[in-house]
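S.K.: using only what follows, build the 3D model:
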Amino acid sequence: MNRSTPRLRALAALPFALTLLVYVLLLVLRYDRLPDTLATHFGLDGRPDGFTGRTAFAVVGVALLVALGAGWTALVRRPSLWGAWATAGFAGALLVLLVRDNLDVTDPSQVSSPLVNLTLAAATAGLFGLAGWGLTRLVPEDAAAPVPGAPDAPRLPLGASEVAGWSHATASGPLTVLGVIALAAVPVGLILAPWPAALLALLGLVIGVPGLALARVRVAVDRRGVTVRPSLSPRPRVRVPLDEIAGASVRELDTAAVLGEFGGWGYRVRAHRTGVIVRTGETLVVRRDSGREFAVTVPDAGTAAALLNTLVERHGKV
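M.R.: Alright, predicted model coming up:
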């Protein structure tokens, strides 16, 4: 998967900047023609069932476009650039249509939003999406990373009779803080007693215990494969046996990749990969025979990958 580049991020931010400019200009030019209260939410029959003050509507619209733009700019990947443009087109069109429908209205309850408005917004999203897809060619594809287990993957020289192992701890300050705060809520909930407070104590346990368990983990590579366990406890642990491993490589994970590919920090399970993600930076990536990947963020991942590839090769799988 392609990682974000400055050009790619700029192209992802561009449609939101354009729609924000149009929205703000429209508000400035038509602000005196808008009622103090706008109809902003509609039922299936097209009749309004939600209303927003004029100033609040302007602020919320700007905040929505800025938030969507920031999210897409941070998480965008080359194949999904069209999605950023489609999102900007859809959101911008809906905001513009809301302004149009509320112009010169004296009674917001009489405003209607027919189904054709959604059709127009969807059509705008489609046109924007096509533009984004066309702009993808302006972003060069990333060079392919070495395939784990390939001949040019890293190796650690070992003699025929030599035995080696590797171990390193990795820690996360934010997870530590989160775990401590969550566990601190347990006695507070128990002291306050009744049911809502007891729920606070339960949530503290559910979040705090796994949070602290993953706040500092130890990663080991040896003849058994890869093992990840809490530094202060032998359990729970995650192990990928050597006979299930095709090879290993190293990559750098930034915040966008952590959120986009793994959905956040902690023990993550996705469609084609699992991982113990406690920080950004150097990451050991293990490819299983099934094609699934296991990733763990750990310093000195290059040594771990090299040793693992050597052990896999010695095991007769490369």
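
S.K.: which residue ranges of the stretch 101-250 of the chain form strands?
M.R.: Per DSSP state E, counting those that start in this stretch, the stretch 101-250 of the chain carries strands over the ranges 166-171, 216-222, 225-230, 238-241, 245-253.

S.K.: pLDDT below threshold where in the stretch 1-150 of the chain?
M.R.: The stretch 1-150 of the chain contains residues with pLDDT under 70 at 1-4, 141-150.

S.K.: run the last query once more with 50
M.R.: 1-4, 143-147 (pLDDT under 50).

S.K.: can you give me the helices in it?
M.R.: 6-30, 54-75, 81-102, 115-135 (DSSP state H, counting those that start in this stretch).

S.K.: tell me which of those helices sits most buried.
M.R.: Ranked by mean neighbour count under mean count of other CB atoms under 10 Å, these are led by helix 81-102, which reaches a mean of 22. Heads up, the C-betas are built off the backbone N, CA and C, glycines and all.

S.K.: for that helix, packing partners?
M.R.: Under the contact criterion of 3 or more CB pairs under 8 Å, 6 or more residues apart in numbering; DSSP states H and E, helix 81-102 touches helix 6-30, strand 37-42, helix 54-75, helix 115-135.

S.K.: can you tell me the centre-most residue of the chain?
M.R.: Central residue of the chain (CA atoms, centre = their mean): residue 259, 2.2 Å from the mean position.

S.K.: one step back: dump the helices of the stretch 1-150 of the chain into TSV; add distance to residue 217 as well.
M.R.: Formatted as TSV, these follow (distance: least, CB to CB, whole Å):
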stretch	distance to residue 217
helix 6-30	32
helix 54-75	25
helix 81-102	34
helix 115-135	39
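
S.K.: just to revisit the earlier point, relative to residue 289, which of the helices and strands packed on helix 81-102 is closest?
M.R.: Residue 289 lies closest to helix 54-75 among those, at 30.5 Å (CB to CB).

S.K.: the closest one versus strand 37-42: what angle between them?
M.R.: Between the axis of helix 54-75 and that of strand 37-42 there is an angle of 50 degrees, by axes from the mean of the first three to the mean of the last three CA atoms, to 10 degrees.

S.K.: which helices and strands does helix 54-75 pack with?
M.R.: helix 6-30, strand 37-42, helix 81-102, helix 255-257.

S.K.: and it, how far out from the chain middle?
M.R.: Distance of helix 54-75 from the chain centroid (CA atoms, centre = their mean, to the nearest Å) equals 18 Å.

S.K.: kindly export it (C-alpha atoms) in CSV.
M.R.: Presented in CSV, the C-alpha positions along helix 54-75 are these (Å, rounded to 0.1, in the frame of the first residue of the first chain):
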residue,chain,number,x,y,z
ARG,A,54,-27.8,31.0,11.3
THR,A,55,-24.4,31.6,13.0
ALA,A,56,-24.3,28.0,14.3
PHE,A,57,-25.0,26.7,10.8
ALA,A,58,-22.1,28.7,9.4
VAL,A,59,-19.7,27.5,12.1
VAL,A,60,-20.8,23.8,11.9
GLY,A,61,-20.5,23.8,8.1
VAL,A,62,-16.9,25.2,8.2
ALA,A,63,-16.0,22.8,11.0
LEU,A,64,-17.4,19.8,9.1
LEU,A,65,-15.4,20.6,5.9
VAL,A,66,-12.2,21.3,7.9
ALA,A,67,-12.6,18.0,9.9
LEU,A,68,-13.3,15.9,6.9
GLY,A,69,-10.4,17.5,5.0
ALA,A,70,-8.0,17.0,7.9
GLY,A,71,-9.0,13.3,8.2
TRP,A,72,-8.6,12.6,4.5
THR,A,73,-5.3,14.5,4.3
ALA,A,74,-3.8,12.5,7.2
LEU,A,75,-5.1,9.1,6.1
